[in-house]
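> show me how the following folds:
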Amino acid sequence: MKILITGANGQLGHELQRCLHNGRSEIGALPQAFLHPQVIAVDVDELDITNLEAVMEFAAQEKPQVIFNCAAYTNVDKCETERDTAFAVNALGPRNLAIAARQCGAKLVHVSTDYVFAGDGEEPYSEWDACMPRTAYGASKLLGEQYVREQCPQSFIVRTAWLYGYDGGNFVKTMMRVGKERGALRVVSDQRGNPTNAADLAHHILKIAATQEYGIYHCTGKGECSWYDFACEIIRLAGIDATVTPCTTQEYAQTTPGAAPRPAYSSLEHQMLRCTVGDEMRPWEEALSAFMEQYLPTV
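Predicted coordinates:
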């Protein structure tokens with residue numbers, strides 16, 4: 001199996017490479033199709049996915065059988081002011097990869113986000129719920145989804161949220177760093193969602209890609225919490241002597257002018273997973289504890 005991973009230097013890109021190298025994930029064994037693969041891992045320096053000609057040439061030369069698109073412009077605030085960049089990376093990039101995948105007969109797994117929803121619901125969003133993004137980031141990611149569906153019938157769109165992993169920056173590492181430095185944290189308590197361990201996400205993405213069950217998937221940690229709840233559990237598991245104080249979104253916005261709006265409620269329902277490959281995503285508390293057991297001894 002010949003595999004192309006774009007955005008290979010990010011959290012999920014690194015985790016996919018780790019799983020493929022080890023032949024298993026933290027959750028369990030990989031599908032037989034992905035044992036002993038040939039992996040081509042690229043980031044923007046090796047392949048600019050916003051350049052259609054470059055993507056077409058690369059795919060024609062390498063002829064991957066599966067493409068995992070982990071590349072994205074994820075700075076939610078900057079997406080509001082750098083809309084052309086957000087559009088190019090999050091919409092045109094997936095379109096280009098979808099065109100190339102179709103022409104070389106490859107499957108395409110495209111990673112998307114909970115930000116495609118309005119974030120004002122009260123129950124977890126299903127895969128078929130209406131998408132009404134309220135940020136440039138969410139709008140650009142939704143357009144990327146649409147382009148993928150239009151251009152590549154052999155495609156999987158996997159929406160995730162609140163992602164953290166061993167490589168790169170994320171909320172978990174930020175809370176530990178700030179907690180150690182300041183001894184106090186102030187975290188929003190009225191935004192709820194699903195923390196997601198990149199190891200769990202990588203495992204399920206590989207399970208999905210081994211099938212022909214094309215479509216849209218939601219893949220997040222099980223259970224939901226607020227950012228405040230998440231931060232409290234991080235500090236507790238890390239054994240850091242720090243106080244975590246809740247605040248409202250409005251209070252936080254007063255200290256960070258210009259910040260893009262965040263979803264108040266963006267929990268995702270896993271119906272497609274349950275009805276196809278099975279849902280082995282761990283409860284968010286269990287997955288976070290497993291992450292800490294592995295990560296803390298290395299810092």
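> all contacts plus neighbour counts: C-alpha atoms, from now on.
Will do.
> can you give me the pLDDT of Leu35?
On pLDDT, Leu35 comes in at 91.
> that one and Ala139: what is the separation?
Separation of Leu35 from Ala139 (CA to CA, to the nearest Å) stands at 36 Å.
> neighbour count: the two, which is higher?
Ala139 (22 against 16; other CA atoms under 10 Å).
> quick one, what contacts Phe291?
Contact analysis of Phe291 by CA atoms under 8 Å, 6 or more residues apart in numbering lists 165-166, 197.
> so Arg18 is in which element?
helix 11-22 (DSSP states H and E).
> buried ones in that helix?
11-17, 19-21 (16 or more other CA atoms under 10 Å).
> so can I have CSV of these showing distance to Lys173 and pLDDT?
Output for these, formatted as CSV (distance: CA to CA, whole Å; pLDDT from 0 to 100):
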residue, distance to Lys173, pLDDT
Gln11, 12, 96
Leu12, 15, 97
Gly13, 18, 97
His14, 16, 97
Glu15, 16, 97
Leu16, 20, 98
Gln17, 21, 97
Cys19, 22, 96
Leu20, 25, 97
His21, 25, 96
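> list just the nearest of those to Thr160.
The closest of the buried residues of helix 11-22 to Thr160 turns out to be Leu12 (CA to CA; 10.9 Å).
> now do the contacts for the closest residue to that closest one other than its chain neighbours.
Spatially, and ignoring its direct neighbours in sequence, Leu12 is nearest to Ala198 (5.7 Å; CA to CA, 6 or more residues apart in numbering). Each residue near Ala198 by CA under 8 Å, 6+ apart is listed here: 11-12, 15, 163-165.
> Asp279 too?
Asp279 is in contact with 270, 273, counting by CA under 8 Å, 6+ apart.
> which SS class is it?
Assigned with DSSP: H, G, I helix; E, B strand; the rest coil, Asp279 falls in the coil class.
> got phi/psi on it?
The phi and psi values for Asp279, taken as degrees, to the nearest 10, are phi -110, psi 100.
> over to Asp241?
phi -80, psi 90.
> also Val158?
The phi/psi pair for Val158 (degrees, to the nearest 10) reads phi -120, psi 110.
> number of nearby residues for it?
Val158 has 23 nearby residues by other CA under 10 Å.
> next secondary structure element downstream of the helix or strand containing Asp84?
Taking DSSP H and E as the criterion, Asp84 maps to helix 83-87. Remark: after helix 83-87, the chain's next helix or strand is helix 93-104, criterion DSSP H and E.
> identify the residues contacting that next one?
49-52, 55-56, 59-60, 63-65, 67, 69, 107-108, 110, 144-145, 147-148, 151-155.
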